[in-house]
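Asker: Show me the folded form of this:
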Amino acid sequence: MSNRSWNTEALVLSVSSFSSDHRNVSLLVPQEHGCTIVPATLFGGARSKLRGMVSTYQSGQVWLYSNPIKNSNKITDFSVSAYRMELRESLARSWCAAVCSEITIKTCGTVNWQLVNAFLDGLCVSDDEGCERGLLRFLWRLLQTAGVAPDIFHCGTCGIEIAANAASCPAETCCAVYSPAEDECFCSSCRRFDAHTFPLSAEAFRYLYAVTEKAPGYSRHLPLSPAAYGELKRFLFFLTEKMAGAPLKTFQMGYV
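Answerer: Predicted coordinates for the structure are as follows:
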């Protein structure tokens, strides 16, 4: 980069203090093929205008000064286009946003820019239950866009389309089982249970199928029983930590 001063669209993922006046900032920046995380420094005391502008989960246009000798980036200006103050108004919203941030940082920004920003925007207008279901949809779409989601729609043994059976099964019936050891799903006829597998009821399976195949507005309004929510939470949390390569503190912490 010949010009040390540059600007880009960015999402603030995290802000932390390293002195009484200065901040370390992690920025998610879109690129031609995916995203990257840019570490930056924000200088200025309590009266600095930028301290109020550069806040977690806000996005907009950022101006940076890069020093290739010190391998550092300094934020010189930030024009906010999305403040997302609503994320601080409930524990559920704050927790879901923190999950998104931690995943993005731990996967070094290998996420979809539109998906992350749309998720945060959706949290701003959702109640607690909507946030919880929205997180499940976000995680499944994230796994799919990253190319690491297992094929849950075909049996790993017989190859049958599991969706065809799930469509006619009672909601609580187990129609598929995911095996981490084989990273495959098995239908009700070929399924194998042990302490490490993840059973998916017809309701849970139909929910993931809707997220994959239907428009976002369709799955957003689908009801989800507590039992099916619990199944999907355990399944998707496992897959997400597998993708991240480490346990996620936000998963362990929860918001209650």
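
Asker: Spell out the secondary structure type for the residue nearest the centre of the chain.
Answerer: The centroid of the chain falls nearest to C100 when counting by C-alpha atoms, centre = their mean (4.0 Å). Following DSSP: H, G, I helix; E, B strand; the rest coil, we place C100 in the helix state.

Asker: tally of neighbours for K249?
Answerer: Look at K249: counted by other C-beta atoms under 10 Å, it has 11 neighbours. The C-beta positions use only the backbone N, C-alpha and C, and glycine is treated the same way.

Asker: Just want to check the distance between it and T240.
Answerer: 13 Å (C-beta to C-beta, to the nearest Å).

Asker: same thing with T76?
Answerer: In terms of C-beta to C-beta, T76 sits 35 Å off from T240.

Asker: Give me the more crowded residue out of the two.
Answerer: Legend: neighbour count by other C-beta under 10 Å for T76 and T240, higher for T240 (24 against 15).

Asker: S189 contacts C158, doesn't it?
Answerer: Yes - proximity of S189 to C158 meets the contact threshold set by C-beta atoms under 8 Å, at 6.9 Å.

Asker: For S48, see how far away F198 is.
Answerer: From F198 to S48 the distance is 48 Å (C-beta to C-beta).

Asker: With neighbour numbers in mind, choose between those two.
Answerer: F198 (19 against 15).

Asker: Now do the contacts for that one.
Answerer: V177, Y178, P180, E231, R234, F235, F238 (C-beta atoms under 8 Å, 6 or more residues apart in numbering).

Asker: what's near enough to touch the closest residue to S90 other than its chain neighbours?
Answerer: Using C-beta to C-beta, 6 or more residues apart in numbering and skipping residues adjacent in sequence, the residue nearest S90 is D128, 6.3 Å away. With contact taken as C-beta under 8 Å, 6+ apart, D128 is in contact with S90, L91, A92.

Asker: R191 sits in which helix or strand?
Answerer: Per DSSP states H and E: R191 is located in neither a helix nor a strand.

Asker: Report how many residues lie close to S59.
Answerer: 22.

Asker: If you could redo that for S66, that was the one I meant.
Answerer: Other residues near S66 number 16, with proximity taken as other C-beta under 10 Å.

Asker: Quick check, it in contact with T41.
Answerer: No - between S66 and T41 there is no contact under C-beta under 8 Å: 10.9 Å.

Asker: Any chance you could list residues touching both of these two?
Answerer: S72, N73, K74.

Asker: What is the nearest of those residues to E32?
Answerer: Using C-beta to C-beta, N73 is the member of the shared contacts of S66 and T41 that lies nearest E32, at 19.5 Å.

Asker: you'd agree N73 is in a strand?
Answerer: Yes - N73 sits within a strand when classified using three-state DSSP.

Asker: Could you measure from it over to D21?
Answerer: 18 Å.

Asker: go on, G159?
Answerer: 62 Å.

Asker: What residues of stretch 171-181 count as buried?
Answerer: C174, C175, A176, V177, Y178, S179 (16 or more other C-beta atoms under 10 Å).

Asker: Throw those into CSV and include secondary structure, thanks.
Answerer: Formatted as CSV, the buried residues of stretch 171-181 follow (three-state DSSP):
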residue, secondary structure
C174, strand
C175, strand
A176, strand
V177, strand
Y178, strand
S179, strand
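
Asker: among the residues you listed, which two are most distant?
Answerer: It's C175 and S179 that sit farthest apart of the buried residues of stretch 171-181, by C-beta to C-beta, at 14.8 Å.

Asker: quick one, helices of this structure?
Answerer: Taking DSSP state H as the test, the helices found in the chain are 49-53, 91-106, 113-124, 128-145, 162-166, 202-213, 216-220, 226-244, 249-253.

Asker: Cheers, nothing more for now.
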